[in-house]
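# My questions are about this predicted structure, shown below with the sequence.
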Amino acid sequence: MGSMELLSVKRIWDEAPHSAFTDLARWDGRWWCTFREADGHVSGDGALRVIASDDGASWESAARIAIDGLDLRDPKISVTADNMLMLLAGERHRTGAESWANSSLTWFSQDGQTWHGPWHVADPGVWLWRVTWTSGLAWGFGYGCQPQGFLRLYQSRCGRRFEAVTPDAFTGGYPNETKLIFRASGEALCLLRMDGEDANARLGEAEPPWTDWRWRDLGARIGGPEMIELPDGRLIVCGRLYDERIRTSLLWLDAGEAALTEALELPSAGDTSYAGIIWHEDLLWVSYYSTHEQKTSIYLAKVRVG
């Protein structure tokens, strides 16, 4: 399938006690990275941070979004059909002494610094995990939090309202985090995290209009799934692997065989993963978080693909 060489990796942010759950975008000639800042992985004080860079080496804070009483989690950043930045994140709010409820929120910006929102999107109790824009539309899968056990495909023209187009795209077990891509061939692929007893990741496939999905077992557990198609059609996956020891790695995906092959382990350990991937100037740029240097921090890696 090819080789991967780690050219560099750099810690780009560590100001909070716990910085995690990244995403990466290239917009307006700059790099944009977003992630959650909090006291811990499951603390109830999550805020969203957006940082920006001209060169990927020196980073500055562009914005911080916090809402009293809400735990904002797992932000994803994308470029809308009308060339604005969009943030999508999950929020947890307390409903009792030991109970929480979930919903999904979006914000929009024309400069990366001033953000308008939030808009509540998708259905209550459904976490719209990540969206992919194609042909002027945002597509994304949401998974059931209350109750669990289903995956729902959504579509939107503006990112402020989402319509469920396939209410039960996957049922059974505990489907949750996803990455959806639209291939040059027209086919759509989804990398789906599973938890619970049947925790192997799944590969979803659909032809236009992308509402009828079939799923295959990938034979490995993956956390924080991310996936990209290279210009030559090869597929790369990034995520947390659990066999032997927890780590963040890049893998080749053979969609025809529904097979994964680990290619490059990134410097990582402990609480780690949740990458953003961009192909830029013939290099793979990867944001992720890790605890291998004791404090949970944000990293940026550059990888040459052969």
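Great, that's in hand. Numbering: from 1, shown residues only.
# what are the bridge partners for the residue lying closest to residue 296 once chain neighbours are set aside, then?
Spatial nearest neighbour of residue 296, chain neighbours left out: residue 18 (4.7 Å); criterion: C-beta to C-beta, 6 or more residues apart in numbering. Bear in mind the C-beta positions are built from the backbone N, C-alpha and C, glycine included. Residue 18 has these beta-bridge partners by DSSP bridges: residue 38, residue 296.
# residues contacting residue 18?
Applying C-beta atoms under 8 Å, 6 or more residues apart in numbering to residue 18 gives the contacts 37, 38, 39, 40, 41, 43, 271, 296.
# So which of these is the closest to residue 55?
Nearest to residue 55 among the contacts of residue 18, counting by C-beta to C-beta, is residue 37 at 23.2 Å.
# in the stretch 101-250 of the chain, which spans are strands?
116-121, 126-134, 137-144, 150-156, 163-171, 174-182, 188-195, 202-206, 214-217, 222-229, 235-241, 247-254 (DSSP state E, counting those that start in this stretch).
# OK, contacts around residue 24?
Here residue 24 is in contact with 31, 32, 33, 77, 275, 276, 277, 278, 285, 286, 287, 300 (criterion: C-beta under 8 Å, 6+ apart).
# Output the helix or strand it falls within as PDB, nothing but the C-alphas.
Element membership of residue 24 [criterion: DSSP states H and E] is strand 18-27. Listed next in PDB are the C-alpha coordinates belonging to strand 18-27 (Å, rounded to 0.1, in the frame of the first residue of the first chain):
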ATOM      1  CA  HIS A  18      -6.400  18.500  30.100                       C
ATOM      2  CA  SER A  19      -6.400  19.400  26.400                       C
ATOM      3  CA  ALA A  20      -7.900  16.800  24.100                       C
ATOM      4  CA  PHE A  21     -10.200  15.700  21.200                       C
ATOM      5  CA  THR A  22      -8.800  17.600  18.300                       C
ATOM      6  CA  ASP A  23      -9.800  18.500  14.800                       C
ATOM      7  CA  LEU A  24      -7.800  20.300  12.000                       C
ATOM      8  CA  ALA A  25      -8.800  22.500   9.000                       C
ATOM      9  CA  ARG A  26      -7.000  24.500   6.400                       C
ATOM     10  CA  TRP A  27      -8.900  27.800   5.600                       C
END
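# Next, the angle from it to strand 222-229.
10 degrees (axes from the mean of the first three to the mean of the last three C-alpha atoms, to 10 degrees).
# what about strand 18-27, average pLDDT?
Strand 18-27 comes out with an average pLDDT of 98.
# Over to stretch 95-108?
pLDDT averaged over stretch 95-108 gives 84.
# Any buried residues in it, and which?
Neighbour-count burial for stretch 95-108, counted by 16 or more other C-beta atoms under 10 Å, picks out 102, 103, 104, 105, 106, 107, 108.
# Alright, calling it a day.
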